[in-house]
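Chemist: predicted model follows, preceded by the sequence.
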Amino acid sequence: MDDAERLAWLEAQAEAAYDKMYDARSPSDATALYSDAKEALHGAIGLANELGQEAQRLMARLFHIKAVFRSQFT
């Protein structure tokens, strides 16, 4: 997997975890999925920065997911 594919994969993992948060059966499940989404986005942001790419879109997505979790799951 090259860097561009890894970046896309990390972003896809974050989005999958975020989507699954809405189907979580317990608060602890939602928290674990939230953590997975954050971890994947942090990885994507780090990789984007290493590649000299703009990471603002990824950071905005991370902030959005944090806001949703805090308002709907806590």
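Modeler: That came through fine. Numbers count the residues shown, from 1 in each chain.
Chemist: quick one: average pLDDT of the helix or strand where residue 71 lies?
Modeler: Here residue 71, judged by DSSP states H and E, is contained in helix 56-72. Computed over helix 56-72, the mean pLDDT rounds to 97.
Chemist: what's in contact with it?
Modeler: Helix 56-72 is contacted from outside by 11, 14, 18, 21, 30, 34, 37-38, 41-42, 44-45, 48, using C-beta atoms under 8 Å, 6 or more residues apart in numbering. The C-beta positions use only the backbone N, C-alpha and C, and glycine is treated the same way.
Chemist: filter those residues down to the ones in strands?
Modeler: Residues of the contacts of helix 56-72 located in strands (DSSP state E): none.
Chemist: buried among the residues you listed? Make that a PyMOL selection.
Modeler: Applying 16 or more other C-beta atoms under 10 Å to the contacts of helix 56-72, the buried members can be selected in PyMOL as follows:
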select buried, resi 11+14+18+21+30+34+37+38+41+44+45+48
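Chemist: check the contacts of helix 56-72 and tell me the two furthest apart.
Modeler: Of all pairs drawn from the contacts of helix 56-72, the widest gap by C-beta to C-beta lies between 30 and 48 and measures 26.5 Å.
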